[in-house]
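Visitor: Everything below, folded, please.
(one chain, ligands or ions: 1)
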Amino acid sequence: MSALGFGCWAIGGEWRSADGEPLGWGRVDDDESVRAIRRALDLGVTFFDTADVYGTGHSERVLGRALGKHRAEVVVATKWGNLFDERTRIRHGQDDSPDHVRRALTASLRRLDMDHVDLYQLHISDAAPERAARLRDICEELVREGLIRAYAWSTDDPARAAVFAEGPHCTAVQHRLNVLQDAHELLALCAESDLASINRSPLAMGLLTGKHTAGRSLENGDIRNAPPAWLPGFIADAGADPAWLRRVDALRDILTSEGRTLAQGALAWIWARSPRTIPIPGFRTVLQAEENAGAIAKGPLTAGQLADVDRILGR
Ligand SMILES: NC(=O)c1ccc[n+]([C@@H]2O[C@H](COP(=O)([O-])OP(=O)(O)OC[C@H]3O[C@@H](n4cnc5c(N)ncnc54)[C@H](OP(=O)(O)O)[C@@H]3O)[C@@H](O)[C@H]2O)c1
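Guide: Down below sits the predicted model:
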């Protein structure tokens, strides 16, 4: 599997919460998404992360369509735990009940047009640990039945991730990691429990690409234009947070060393941080796919650069 995966949240297009807040990244062109995925395959990317709820099923459909006959060459991860209406494109709740796991998996396999999922991830980051233990055991049953190969929890809480880690076929934890937001405890857990660290928001939701400015609002259907409490770095109707942009600027010289673009440098920091990391940057275009896949050949930052980043950020 490639050291880099592609995150398929944005290519789900627009969807909303029951109270009308945007949960997607605005409009998308499905044909461009398909071209971007196929370009990623050409460039050696063999890992794709989606979720049933991204675009209320749309992301899974687009990914399945793009992969087509290349299915056997790649590792496909999806997630369960949210309830949504595909027709109205509204997410209306969550379900951590044992019955829901099989129901959700059946629906995901149908949308992906696949007979198994390689990595099945619990998408309720704060689910109760005792309920999660039961879900972990159901995932073991699904592995035995050949419907999934392995499973993980998408959570930033090491104690919760440790509950899943007890299962023999739990192979990873998905958590936030980027040069502005480190994750010491989760990386320690991955080392102790022999788990892969799959890194969401590796580009700090686009802040680490250098294209965002303060004071410029984003598209109406873009979650970054109406950021919920868990999404720092952007201000409602006002684009990027100036304090975050100053931190990105301070790191620019290190991240753009050896001919890297800023986004490639952000991925290089993640690989330097731990050999277990697998960043999964989001994308919407072929150009983004090419730039992000181009980071693989340039490799990780050096240990010295890692230390310089910590010094600059006062860590
Ligand atoms: N709870 C969870 O399980 C969870 C939560 C969050 C994310 N995830 C997963 O992690 C993936 C990635 O995280 P993320 O979506 O939060 O954000 P991210 O990867 O930090 O940022 C991705 C965004 O940055 C922009 N971008 C990417 N490459 C670029 C490039 N080369 N040049 C310029 N702009 C570029 C694109 O947005 P624009 O073009 O619109 O700027 C893209 O959608 C998601 O797709 C999803 O698979 C999981």
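
Visitor: how deep is the residue in the chain that the ligand sits nearest to tucked in, by neighbour count?
Guide: Using C-beta to the nearest ligand atom, the single residue of the chain nearest to the ligand is residue 7, 2.3 Å away. Placement of C-beta: from N, CA and C, glycine included. By other C-beta atoms under 10 Å, 27 other residues sit near residue 7.

Visitor: Look up how far residue 158 lies from it.
Guide: 22 Å (C-beta to C-beta, to the nearest Å).

Visitor: OK, contacts around residue 153?
Guide: 121, 122, 125, 132, 160, 161, 163, 164, 170, 173, 174 (C-beta atoms under 8 Å, 6 or more residues apart in numbering).

Visitor: for it, phi and psi?
Guide: The phi/psi pair for residue 153 (degrees, to the nearest 10) reads phi -110, psi 130.

Visitor: if we look at the sheet, which residues does it bridge to?
Guide: On the basis of DSSP bridges, residue 153 is bridged to residue 122, residue 173.

Visitor: Could you look up the SS state of the nearest residue to residue 76 once chain neighbours are set aside?
Guide: What sits nearest to residue 76 in space, not counting adjacent residues and going by C-beta to C-beta, 6 or more residues apart in numbering, is residue 118, at 5.2 Å. Here residue 118 is recorded as strand under DSSP: H, G, I helix; E, B strand; the rest coil.

Visitor: Might you enumerate the residues of the stretch 101-250 of the chain proximal to the ligand?
Guide: 123, 125, 154, 174, 200-206, 209, 211 (C-beta under 6 Å from any ligand atom).

Visitor: what pLDDT does the residue nearest the centre of the chain get?
Guide: Of all residues in the chain, the one closest to the mean position by C-alpha atoms, centre = their mean is residue 200, 3.6 Å from it. The score at residue 200 is 98. That number is its pLDDT.
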